[in-house]
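Undergrad: Generate coordinates for the sequence data below:
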Amino acid sequence: MISGAQSARKGWIGGKLPQKGEGNRQFYLPVPNWDSSRFGLIGAMFHVEQSSWKQANNPHCSTWNITHYFQPGIRPRTSELNQTHLLLRPHPLDTIANTMISADLTLSKRLELAEATSCVRFADARARLFPESGACSTQCAGAFAVFDGISSPCTQTFCLGLLALPTPADLESIEHFFTERQAPTLHEISPFAGIATLDLLCQRHYRPEELSSVLYRPVELSTPAVSSHVSARVIRSDETDLWNDLSVRGWAYGHPELSDFLKEAGAISAAREQCVCFLAEVDGIPAAAGALYLHQGVALFAGAATVPEMRRRGLQTALLDARLRYAFENGCDLAMIVALPGSDSQRNAERQGFRIAYTRTKWRLTKQNTY
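TA: Below is the predicted model of the structure:
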């Protein structure tokens, strides 16, 4: 028996006790296997004992029996709710803290490879839809060099220094790949690439240009925490244009000059292999769009957007829940998001249980080498 009175903690999200015969209710509680001392709800305490695993392959969900219930200041008493089953699951932040996923080289390789292949697939899709674009990619010393157009954010390298230590000859080959296409040479570098990689970039006249936060969280099967009027789902085959229109309306709000660029990028993203597109609706009216890219157990969350007139209705939460569920059902154990440090996107991700794995740096070649 484990007492929930041990440490009621401000900030836990709970729910009303079910009445007799009402069935299951959802509560955010930590599974004691992780840390039995961090356990409680505001205004109500529980004595619970584990009954049975809800899913054998997912220790984050467990079925429990309430055996006692009391309120602060009231003498504990045996509850009439004995044998009532509740499905308990941990708050996302406590889950992450206790699953012991270390932010190390192994994690960085998984996350960076997911984004690298996502951008490679994006360039492949552009090449299929727009053969005249010249979009293509290559690999060198474990790095993925992607050309998706001179001004495309995908035009750069990924994983440099993570899978192999590059040599000056490797960098020269990569630089030639970009310069012959009249594109800048940019490298997205994880801090786990190491000092030797950074030193080589400095020797070859590279300078830091941009920082980004790489965030992650475990993928869990969760219960949607939004209104019954709001829902999210994978798009049907005939809804690609609708999905793209919602995405453009959301992202281009206040910046109409970006509409054409976003429309083309959306069409390419929807055609990308391993990319799944989602719609969120309010009372059946489509109002938000998001995407998900899957790679070897990692779910990369692409930008989600809500049309201006339908914001602040829980659509982003619905999209997050739907994508997490899809990732879980398709064998992913990690979710990732990339955002600018300190941005609204980063704060929103952290509120949804994501945590920063590391901050990476984008490096630009500022002077052509003549070695």
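
Undergrad: Walk me through the domains of the protein.
TA: Split into domains by automatic domain parsing, the chain comes to 2-99, 105-211+361-365, 220-332.

Undergrad: Check the average confidence over the shortest one, would you?
TA: Average pLDDT, domain 2-99: 37.

Undergrad: Next: the second one.
TA: The average of the pLDDT scores along domain 105-211+361-365 is 97.

Undergrad: Just the endpoints, please. Distance across it?
TA: Terminal residues of domain 105-211+361-365 lie 25 Å apart, using C-alpha to C-alpha, to the nearest Å.

Undergrad: Also the last one?
TA: Across its full length, domain 220-332 reaches 9 Å between end residues, using C-alpha to C-alpha.

Undergrad: try stretch 118-137
TA: Stretch 118-137 end-to-end distance (C-alpha to C-alpha) = 12 Å.

Undergrad: Return the distance of it from the chain's centre.
TA: 24 Å (C-alpha atoms, centre = their mean, to the nearest Å).

Undergrad: max-length helix in this structure?
TA: Looking across the chain with DSSP state H, the single longest helix is helix 105-129.

Undergrad: residues of that helix that come out buried?
TA: Using 16 or more other C-beta atoms under 10 Å as the burial criterion, the residues of helix 105-129 that qualify are 107-127. Backbone N, C-alpha and C define where each C-beta goes, glycine included.

Undergrad: gap between the most centrally placed residue in the chain and Glu180?
TA: Central residue of the chain (C-alpha atoms, centre = their mean): Met336, 3.3 Å from the mean position. Distance, Met336 to Glu180, using C-beta to C-beta, to the nearest Å: 32 Å.

Undergrad: swap in Arg360?
TA: 26 Å.

Undergrad: these two touch, right, Val146 and Asp124?
TA: No - contact criterion C-beta atoms under 8 Å: Val146 and Asp124 do not qualify, at 9.7 Å.

Undergrad: Quick check: neighbours shared by those two?
TA: Shared contacts of Val146 and Asp124, defined by C-beta atoms under 8 Å, 6 or more residues apart in numbering, comprise Ser137.

Undergrad: Helix 105-129 and the helix or strand hosting Thr138, what's the angle between them?
TA: Using DSSP states H and E, Thr138 maps to strand 136-140. Orientation check (axes from the mean of the first three to the mean of the last three C-alpha atoms, to 10 degrees): strand 136-140 against helix 105-129 gives 150 degrees.

Undergrad: Please name every helix or strand in contact with strand 136-140.
TA: Counting contacts by 3 or more C-beta pairs under 8 Å, 6 or more residues apart in numbering; DSSP states H and E, strand 136-140 packs against helix 105-129, strand 143-147, helix 168-179.

Undergrad: Go ahead and produce CSV holding the CA coordinates of the last one.
TA: This points to helix 168-179. The C-alpha coordinates for helix 168-179 follow below in CSV (Å, rounded to 0.1, in the frame of the first residue of the first chain):
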residue,chain,number,x,y,z
PRO,A,168,39.4,18.9,-44.4
ALA,A,169,38.9,16.9,-47.6
ASP,A,170,35.4,15.9,-46.4
LEU,A,171,34.4,19.6,-45.8
GLU,A,172,35.9,20.6,-49.2
SER,A,173,33.7,18.0,-50.9
ILE,A,174,30.6,19.2,-49.1
GLU,A,175,31.4,22.9,-49.9
HIS,A,176,31.8,22.0,-53.5
PHE,A,177,28.3,20.4,-53.5
PHE,A,178,26.8,23.7,-52.4
THR,A,179,28.9,26.1,-54.3
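
Undergrad: Give me the contact list for the very next helix or strand once past that helix.
TA: Later in the chain than helix 168-179, the nearest helix or strand by DSSP H and E is strand 186-189. With contact meaning C-beta under 8 Å, 6+ apart, strand 186-189 is reached by 112, 115, 143, 155-158, 160-161, 178, 197-198, 201, 206, 209, 212, 360-365.

Undergrad: Reformat the helices and strands packed on strand 136-140 as JSON lines; add distance to Trp251.
TA: Formatted as JSON lines, the helices and strands packed on strand 136-140 follow (distance: least, C-beta to C-beta, whole Å):
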{"stretch": "helix 105-129", "distance to Trp251": "16"}
{"stretch": "strand 143-147", "distance to Trp251": "21"}
{"stretch": "helix 168-179", "distance to Trp251": "27"}
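
Undergrad: Good, wrapping up.
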